[in-house]
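Enquirer: kindly generate the corresponding structure for this input.
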Amino acid sequence: EVQLVESGGGLVQAGGSLRLSCAASGFTFDDYTIGWFRQAPGKEREGVSCISSGDGSTYFADSVKGRFTISSDNAKNTVYLQMNSLKPEDTAVYYCNTPLQATNNHWGQGTQVTVSS
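Expert: Okay, the predicted model is just below:
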């Protein structure tokens, strides 16, 4: 069973940083695409970033380009989202997921990120 567990959220002041972790299990962590998504109150869930192990390619939404980076540690089966220069509009519940799980609307609990102004 595929499991993705998010952690690392918290309360931070604007301009601060957080690093989110996505611990994966239940699949071979050598050929994957894992994305980070977020959902703010009253808004739809949106894609933030993703990383593909095959060619190391990454994607970032325009709203986070230059501020967020994504990386992975295959030895730990973990994908990270480093968030710098955080803004109040980054406040949301952050989720990580595979494309298949997302398509099947199967989500974890996420981790809350709150950025105060």
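
Enquirer: which element is the spatially most central residue of the chain on?
Expert: Centroid-nearest residue in the chain, with C-alpha atoms, centre = their mean: residue 36, separated by 2.8 Å. Assigned by DSSP states H and E, residue 36 falls within strand 33-39.

Enquirer: who touches the least confident helix or strand in the chain by mean pLDDT?
Expert: One helix or strand of the chain scores below all others by mean pLDDT, DSSP states H and E: helix 99-103, with a mean of 90. The contact list for helix 99-103, computed with C-beta atoms under 8 Å, 6 or more residues apart in numbering, reads 2, 4, 33, 35, 37, 107. Placement of C-beta: from N, CA and C, glycine included.

Enquirer: change it to 7 Å
Expert: 2, 33 (C-beta atoms under 7 Å, 6 or more residues apart in numbering).

Enquirer: next SSE downstream of it?
Expert: Immediately after helix 99-103, counting by DSSP H and E, sits strand 111-116.

Enquirer: what packs against that following strand?
Expert: Applying 3 or more C-beta pairs under 7 Å, 6 or more residues apart in numbering; DSSP states H and E, one finds that strand 111-116 makes contact with strand 10-13, strand 92-97.

Enquirer: among the ones you listed, which is the most enclosed?
Expert: strand 92-97 (a mean of 24; mean count of other C-beta atoms under 10 Å).

Enquirer: now the angle from that strand to strand 111-116?
Expert: Here strand 92-97 runs at 150 degrees with respect to strand 111-116, directions being taken by axes from the mean of the first three to the mean of the last three C-alpha atoms, to 10 degrees.
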